[in-house]
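Asks: Any chance you can model this:
(2 chains)
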Amino acid sequence: MIANRLATDRAARIREVLAAVADPEIPAVSVLDLGIVREIDRDGRTVAITPTYSGCPATAAIEANIRSALAAADLSDVRLVTRLDPPWTTDWITSEGRAKLLAYGVAPPPASSHLHAAAAPTCPRCGSRETEEVSRFGSTPCKALWRCLACAEPFDRFKCH
Amino acid sequence: MHRGEATFRYALRLGDDALVLGQRLGEWCGKAPALEIDLALANLGLDLIGQATFLLGYAGEIEGKGRDADRLAFHRDVMDFSNCLLVEQPNGDFARTIARQFLFSAWRAPLFEALSTSSDETLAAVAKKAVKETAYHLRYSREWVVRLGDGTDESRRRLVEGLEWCWRFVDELFEPDEVTRALANIAPDPAALRPRFDAEVDKTLGEAGLDQPAARRAVVGGRAGRHSEHLGHLLAEMQFLPRAYPEARW
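Replies: Coordinates of the predicted model:
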């Protein structure tokens, strides 16, 4: 019983630590919000993470940040593993994560990750639906460049993937 | 051929394809025709280098001689590279880069789709991830093929030249060899991917108002390490730092 509770506490502590590890490129959201953390095992021994895109240059930084945050919380014995399958999709971004993205000025991806089902996003600044794509490839692999036709502001959109 | 050896060589060649094309696309960085194109080509290159890291890492694991992805990328000589000849072709102008990218992605998309159900779990996992990225690459290059082909006389002339330059390297992509023959159930038969590729090319060139380039004698040999002079120059630049400072670390 006690051992069980300790293990659960450990997993909960890890979750708490990870909730404070920000994505290096979109610091408004945490690695939990983005769904990069795939699993914290029940014993709190292993954390599985997954890259967003194969070539996302932030992957190494994310791993290093997670390691140092765990170490700072006296959890340096947690094993960090990378898991490719199932592949990451924007469906794994939490609803809290979506709200944070929007507040940060990044249009969140649509709920369904269907590549072709993506309707035009709402402008994160003025809320207009009159928006157009400027470039499908933006400042990071996971974002596209859009522009609002109503308030004329450019904005990033999290690509559905 | 032993299955382990074949899987090593298969992961290596797919990794080399991605690495070399990723490096080529990186050459555009800072000098593409427009900022958006610069970003797009760099993004495509990044995806490919990420895929290469997984594939070469897996190859090194199977080989079991302690070579990781970096070791394989930076400490092999040109004849040990097994990428297809298409990817090592110089960028040329933007139209030739687009022609190369379109042909590559139109082949790679059905390849990764087939590979994502492979009985080899690692190859399947890498392919499942890459399949989504490749869909973006194909969509991007397809749109440019149509825009350039259906654009001005100048853009059309350049695209036709680009396609003609690349076309002789297409057959190699679909050529079975001892490696693919040893990998039934693990990797798709390369020849079986041709109909999907042909359908994509026909449809897109049709939309662009272009004819398929005339058949010409195929140039092959990349899988066996017989490369054009271009690859050596690319590697000299790519490998310079880790070769000059073997212990360099970030």
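Asks: pLDDT wise, what is the residue of chain A at minimum distance from chain B at?
Replies: Distances between chain A and chain B by C-beta to the nearest C-beta are smallest at residue A:55, namely 2.7 Å. C-beta: built from backbone N, CA, C; applies to glycine. With respect to pLDDT, residue A:55 scores 86.
Asks: can you check residue B:23 too?
Replies: 98.
Asks: The residue of chain A closest to chain B contacts residue A:142, correct?
Replies: No - the pair residue A:55 / residue A:142 is not scored as a contact, 10.9 Å apart, by C-beta atoms under 8 Å.
Asks: Close to chain B: what parts of chain A are there?
Replies: A:51, A:53-57, A:84-89, A:115, A:134-139, A:141, A:145, A:161 (C-beta under 8 Å from any C-beta of the partner chain).
Asks: which residues does the most centrally placed residue in chain A contact?
Replies: Centroid check for chain A by C-alpha atoms, centre = their mean gives residue A:34 as the closest residue, at 1.7 Å. Residue A:34 is in contact with A:23, A:26, A:52, A:92, A:93, A:97, counting by C-beta atoms under 8 Å, 6 or more residues apart in numbering or on different chains.
Asks: Tell me who's in contact with the last one.
Replies: Residues counted as contacts of residue A:97 (C-beta under 8 Å, 6+ apart) are A:29, A:30, A:32, A:33, A:34, A:35, A:108.
Asks: Need the max-distance pair from those.
Replies: The widest separation within those, taken as C-beta to C-beta, falls between A:32 and A:108 and amounts to 15.5 Å.
Asks: These two - which one has more neighbours?
Replies: Ranked by neighbour count (other C-beta atoms under 10 Å in any protein chain shown), residue A:32 and residue A:108 place residue A:108 first, with 22 against 19.
Asks: Count the residues that sit near the closest residue to residue A:111 other than its chain neighbours.
Replies: What sits nearest to residue A:111 in space, not counting adjacent residues and going by C-beta to C-beta, 6 or more residues apart in numbering or on different chains, is residue A:91, at 7.3 Å. Per other C-beta under 10 Å, the neighbour tally for residue A:91 reads 14.
Asks: three-state assignment of residue A:91?
Replies: helix (DSSP: H, G, I helix; E, B strand; the rest coil).
Asks: Could you tell me the per-residue confidence at it?
Replies: 91.
Asks: pull the CA atoms of the helix or strand hosting residue A:62 into CSV?
Replies: Assigned by DSSP states H and E, residue A:62 belongs to helix A:58-72. C-alpha atoms of helix A:58-72 as CSV (Å, rounded to 0.1, in the frame of the first residue of the first chain):
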residue,chain,number,x,y,z
ALA,A,58,14.2,21.7,-30.6
THR,A,59,14.1,18.0,-29.7
ALA,A,60,17.6,17.9,-28.2
ALA,A,61,16.9,21.1,-26.3
ILE,A,62,13.6,19.7,-25.0
GLU,A,63,15.4,16.5,-23.8
ALA,A,64,18.1,18.5,-22.1
ASN,A,65,15.5,20.8,-20.4
ILE,A,66,13.5,17.9,-19.1
ARG,A,67,16.6,16.2,-17.8
SER,A,68,17.8,19.3,-15.9
ALA,A,69,14.3,20.0,-14.5
LEU,A,70,14.1,16.4,-13.2
ALA,A,71,17.6,16.7,-11.7
ALA,A,72,16.7,19.9,-10.0
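Asks: could you say what helices and strands that helix packs with?
Replies: helix A:2-19, strand A:46-49, strand A:79-82 (3 or more C-beta pairs under 8 Å, 6 or more residues apart in numbering or on different chains; DSSP states H and E).
Asks: and that helix, which residues are buried?
Replies: A:58, A:59, A:62, A:63, A:65, A:66, A:67, A:69, A:70 (16 or more other C-beta atoms under 10 Å in any protein chain shown).
Asks: which residue packs closest to the second one, ignoring adjacent ones?
Replies: Once flanking residues are discounted, residue A:59 sits nearest to residue A:51: 4.6 Å by C-beta to C-beta, 6+ apart.
Asks: re the thing from before, any chance of the buried residues of helix A:58-72 in JSON lines with pLDDT and distance to residue A:125 as columns?
Replies: Converted to JSON lines, the buried residues of helix A:58-72 look like this (pLDDT from 0 to 100; distance: C-beta to C-beta, whole Å):
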{"residue": "A:58", "pLDDT": "86", "distance to residue A:125": "25"}
{"residue": "A:59", "pLDDT": "87", "distance to residue A:125": "30"}
{"residue": "A:62", "pLDDT": "94", "distance to residue A:125": "28"}
{"residue": "A:63", "pLDDT": "93", "distance to residue A:125": "33"}
{"residue": "A:65", "pLDDT": "95", "distance to residue A:125": "29"}
{"residue": "A:66", "pLDDT": "96", "distance to residue A:125": "32"}
{"residue": "A:67", "pLDDT": "95", "distance to residue A:125": "36"}
{"residue": "A:69", "pLDDT": "96", "distance to residue A:125": "32"}
{"residue": "A:70", "pLDDT": "96", "distance to residue A:125": "36"}
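Asks: Done for today, thanks.
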